[in-house]
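*Asks:* got a structure for you, letters missing:
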Ligand code: NAD
């Protein structure tokens, strides 16, 4: 069994799909771990650290010869050219956005696993890349929003007068949003938050933040995710958000609906009503945007002095931390692909986590959600 860990090629991607800890455990399980020279450098992991963990450092071509390739981002065009029939590929492949690439894996005979599709069951938690990366993104979202804000987060009582605390509003209280609430609370802001899933209200309140807004009937699907709001519900939410925004200093938005474009929650008219100097940061900028006018990776200022920041790949900005968690998630998943008796890789489709992430096999697209699309 050979696993290849390439150096990531997508611009701005600093993470790596293995760590010395995971390399050591994979090697102990009888797997040869082949890491591309320099693959971990941007995540503060030296070639030497990988080598001491038992991995072999190699050039690009040798790494891509391995039976199983572990990636952070989906392959670039050049990397697609390196994939071989029968090869296994595991990573954040973003299959709902890149249908043509999914078809290309099938055409090439690649056995591809998209880790975003992992069923979010209790057993899956140790492999859940969405949670591990969203948690760090939620933290970084707050750190970046604060650094763009030119007033203070906590209340400060001084001899020269009192500085009032920042009013901080979090839209979407999933994994990233809850971490954003906790981080903003730790910084001393007055935090409010909204979501549409019934369970979110209690989760927001358990972090000592105040819930604002409304929860529609059946706001969550059977799988525990949010569903798109009806036009009437959207109107109700817009009225609440519009009123609340007028008083807020920093707003971070994290609202997503799996497999769909992110819902538009903050409109240009709402931004116009906000105070000069306020900051709006959109974590969903890369998937359609919760905020009108947000552009992933860019900061824009409105005429009335509101700064809008479009977040772009925040986990990559914390590559040393996010890589360790991502690598551990992937290592735990890889163990499901090892047949302990034959000591060979095997796709056991009876395992719901293997089946739930498998997108292409035997020259076909096999995941039900992608076949429908
Ligand atoms: P996500 O990234 O899909 O969405 C982020 C948040 O946006 C969600 O809380 C969602 O309800 C909210 N949202 C969607 N539309 C909205 C709207 N119009 N207005 C306001 N908010 C809106 O979510 P996530 O962080 O991946 O978590 C989704 C669910 O999965 C949660 O219930 C979470 O607790 C659950 N989860 C379960 C496990 C597990 O059991 N293994 C692990 C992680 C997450």
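*Replies:* Great, that's in hand. Bear in mind that the values here come from a model prediction, so they are computed numbers and not experimental data. Numbering: from 1, shown residues only.
*Asks:* Residue 178 versus residue 208, what's the distance?
*Replies:* Separation of residue 208 from residue 178 (C-beta to C-beta, to the nearest Å) stands at 12 Å. In this view, the C-beta of every residue, glycine as well, is placed from N, C-alpha and C.
*Asks:* In contact with residue 97, which residues?
*Replies:* residue 287 (C-beta atoms under 8 Å, 6 or more residues apart in numbering).
*Asks:* just to revisit the earlier point, what about residue 208 and residue 178, which has more around it?
*Replies:* Legend: neighbour count by other C-beta atoms under 10 Å for residue 208 and residue 178, higher for residue 178 (24 against 10).
*Asks:* Contacts only, for the more buried one.
*Replies:* Taking C-beta under 8 Å, 6+ apart as the test, what residue 178 contacts is 138, 203, 204, 207.
*Asks:* Mind doing that once more with 6 Å?
*Replies:* Residue 178 is in contact with residue 203, counting by C-beta atoms under 6 Å, 6 or more residues apart in numbering.
*Asks:* Tell me which helix or strand it sits in.
*Replies:* helix 175-186 (DSSP states H and E).
*Asks:* Quick check: next helix or strand after that helix?
*Replies:* Helix 175-186 is succeeded, C-terminally, by strand 190-194 (DSSP H and E).
*Asks:* Name the residues that touch that next one?
*Replies:* By C-beta under 6 Å, 6+ apart, strand 190-194 touches 165, 167-171, 173, 181, 184-185, 204, 209-210, 212-213.
*Asks:* Please, a PyMOL command that selects the buried ones among these?
*Replies:* Of those, the buried ones can be selected in PyMOL as follows, counting by 16 or more other C-beta atoms under 10 Å:
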select buried, resi 165+167+168+169+170+171+173+181+184+185+204+209+212+213
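*Asks:* Among the contacts of strand 190-194, which ones lie close to the ligand?
*Replies:* Among the contacts of strand 190-194, the residues within reach of the ligand (C-beta under 6 Å from any ligand atom) are 171, 173.
*Asks:* Tell me which of the contacts of strand 190-194 has the lowest pLDDT.
*Replies:* Within the set of these, pLDDT is lowest for residue 213 (89).
*Asks:* just checking, residue 305 touches residue 276?
*Replies:* Yes. Counting by C-beta atoms under 6 Å, residue 305 sits close enough to residue 276 to count as a contact (3.3 Å).
*Asks:* Just the helices from the stretch 101-250 of the chain, written as ranges.
*Replies:* Secondary structure of the stretch 101-250 of the chain (DSSP state H, counting those that start in this stretch): helices at 129-148, 175-186, 198-206, 231-245.
*Asks:* For burial, what's the neighbour tally of whatever residue of the stretch 101-250 of the chain ends up closest to the ligand?
*Replies:* The stretch 101-250 of the chain approaches the ligand most closely through residue 174 (2.3 Å), counting by C-beta to the nearest ligand atom. Applying other C-beta under 10 Å, we find 21 residues neighbouring residue 174.
*Asks:* Check residue 285 too.
*Replies:* 22.
*Asks:* in the sheet, who's paired with the closest residue to it other than its chain neighbours?
*Replies:* The shortest distance from residue 285 to any non-neighbouring residue, by C-beta to C-beta, 6 or more residues apart in numbering, is to residue 310 (3.3 Å). Per DSSP bridges, the residues bridged to residue 310 are residue 282, residue 296.
*Asks:* Could you count how many residues lie near residue 310?
*Replies:* Neighbour tally, residue 310, other C-beta under 10 Å: 21.
*Asks:* Repeat that for the one 3 residues further on.
*Replies:* Other residues within reach of residue 313 by the criterion other C-beta under 10 Å amount to 21.
*Asks:* Could you check how far it is from residue 10?
*Replies:* 9 Å.
*Asks:* So which residues on the stretch 101-250 of the chain come close to the ligand?
*Replies:* So the stretch 101-250 of the chain meets the ligand at 120, 124-125, 128, 130-131, 134, 171-177, 194-197, 199-200, 224-226, 229 (C-beta under 6 Å from any ligand atom).
*Asks:* Let me know how buried residue 92 is, in neighbour terms.
*Replies:* So residue 92, with other C-beta under 10 Å, has 20 neighbours.
*Asks:* show me the contacts for it.
*Replies:* Applying C-beta under 6 Å, 6+ apart, the residues near residue 92 are 115, 116.
*Asks:* same thing but at 7 Å, please
*Replies:* 72, 73, 115, 116, 129 (C-beta atoms under 7 Å, 6 or more residues apart in numbering).
*Asks:* Any part of stretch 327-344 near the ligand?
*Replies:* No. Judged by C-beta under 6 Å from any ligand atom, stretch 327-344 stays clear of the ligand, getting no closer than 11.7 Å.
*Asks:* does any part of stretch 279-289 sit near the ligand?
*Replies:* No. Counting by C-beta under 6 Å from any ligand atom, no contacts exist between stretch 279-289 and the ligand, the nearest distance being 8.3 Å.
*Asks:* Go through that stretch and flag the buried ones.
*Replies:* Quick answer for stretch 279-289 (16+ other C-beta under 10 Å): 279, 280, 281, 282, 283, 284, 285, 286, 287, 289.
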